[in-house]
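Visitor: sequence below, structure please.
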Amino acid sequence: MWKHASPRRGLARAAMETGQWLRRSAADLFFPPTCPACGRLVMNGGALCAGCWAQVRFIEKPYCDILGSPFSHDLGMGVVSAEAIAHPPDFDRLRSACLFDGPARDLVHGFKYRDQSELAAMMALWMARAGAELIASSDVLLPVPLHRRRLLERRFNQAAELARALSGQTGLPMLPDAVRRIRNTAHQVGLTRLGRDANVRGAFRLTEAGGSQVFGRRIMIVDDVYTTGATVSAIARLLKRSGAAGVDVLTFARALPDII
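Guide: Numbering: from 1, shown residues only. Predicted structure coming up:
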């Protein structure tokens, strides 16, 4: 039987919503929302301005079924790139939300180096859209771990923050402690592909609890940027040796000079 809401309850709810609106309005008055990429004033916080939004190069189909590398024209379903054939990755599939340039690069740098952790929710929304197919077949999210020394320097792990936001949006559980980075590797920037592979070789280890957490499950590795894939490949090899049923990779951005 349909019940009418009491007038008192309706008034209380209206008062609460009015109070929330006033608090947001006051905050916007003293701290007006700005575009997180360029700093221009915007109507709503947590959103890019129209100019920056137009410059973001989202990775859309058609793309390589394995590496997610965008094709300049549609080559048909299930087509893979020459790179995926010549150098098969250690993971199963890769998806990224956008190319690592322009405003997307600014977002990553602000998030990673300027403590703008509030960007995680927006970036994770883009990632969830790009990786919907992977998310549907994944059991858990696993962020790329930082070495404890690097974590102390940076104060937070950007991959873990993205995975936490994705977990809240998708309902997939997160495994923050299944894999540990046991060696404080050098920065990957500026290294060749072979140099990056050597830099992360033997850098990761499964924790005592991690073995049972990954065995027989489909794992999705989460990170901010995919460059050569050396780091996620090292983790994927470890997970598969430990009995993972499958390993996919989802990142916010992809460093890719040209569209195939």
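
Visitor: only C-alpha atoms from now on, for both contacts and neighbour counts.
Guide: OK.

Visitor: for residue 35, what are its contacts?
Guide: Taking C-alpha atoms under 8 Å, 6 or more residues apart in numbering, we find residue 35 in contact with 41, 42, 45, 46, 47, 48, 49.

Visitor: okay, the fourth one: pLDDT?
Guide: Each residue has a pLDDT score; the one for residue 46 is 74.

Visitor: need the three-state assignment for the nearest residue to residue 130 once chain neighbours are set aside.
Guide: Of all residues not flanking residue 130 in the chain, residue 97 sits nearest, at 5.1 Å (C-alpha to C-alpha, 6 or more residues apart in numbering). When classified by DSSP: H, G, I helix; E, B strand; the rest coil, residue 97 comes out as strand.

Visitor: what about residue 97, neighbour count?
Guide: When counting by other C-alpha atoms under 10 Å, one arrives at 27 neighbours for residue 97.

Visitor: was I right to think it contacts residue 132?
Guide: No: Residue 97 is not in contact with residue 132 according to C-alpha atoms under 8 Å; the separation is 10.7 Å.

Visitor: which parts of the host helix or strand of residue 109 are buried?
Guide: Using DSSP states H and E, residue 109 sits in helix 102-113. For helix 102-113, the buried set under the neighbour-count rule, 16 or more other C-alpha atoms under 10 Å, comprises 103, 104, 105, 107, 108, 110, 111, 112.

Visitor: confidence score at the last one?
Guide: The predicted local distance difference test score for residue 112 is 87.

Visitor: try residue 185
Guide: Here, the pLDDT recorded for residue 185 equals 67.

Visitor: when you give positions from now on, start the count at 54
Guide: Yes, from this point I'll number from 54; that puts the last item at residue 238.

Visitor: so where's the chain shaky on pLDDT?
Guide: 54-84, 98, 204-205, 237-252, 310-313 (pLDDT under 70).

Visitor: ranges for the helices of it?
Guide: 60-83, 103-108, 135-139, 155-166, 173-183, 185-189, 201-207, 211-223, 246-253, 263-267, 283-294 (DSSP state H).

Visitor: before we move on, back to that, tell me which of the buried residues of helix 155-166 is nearest to residue 143?
Guide: Comparing the buried residues of helix 155-166 against residue 143 with C-alpha to C-alpha picks out residue 161 as the nearest, at 25.1 Å.

Visitor: not counting residues beside it along the chain, what's closest to the closest one?
Guide: The nearest residue in space to residue 161 (C-alpha to C-alpha, 6+ apart) is residue 277, at 7.2 Å.

Visitor: counting neighbours, what do you get for residue 124?
Guide: Residues near residue 124, counting by other C-alpha under 10 Å: 19.

Visitor: what are the phi and psi angles of it?
Guide: Backbone torsions for residue 124, taken as degrees, to the nearest 10, come to phi -100, psi 150.

Visitor: that one and residue 112 touch, don't they?
Guide: No: using C-alpha under 8 Å, residue 124 is not in contact with residue 112, being 9.6 Å away.

Visitor: sorry, back to before: I'd like the buried residues of helix 155-166 as CSV, with distance to residue 209 appended.
Guide: Below are the buried residues of helix 155-166 laid out as CSV (distance: C-alpha to C-alpha, whole Å):
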residue, distance to residue 209
156, 22
157, 20
158, 19
160, 16
161, 14
163, 13
164, 10
165, 9
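
Visitor: widest-spaced pair of the residues you listed?
Guide: Of all pairs in the buried residues of helix 155-166, the most separated under C-alpha to C-alpha is 156 and 165 at 14.0 Å.
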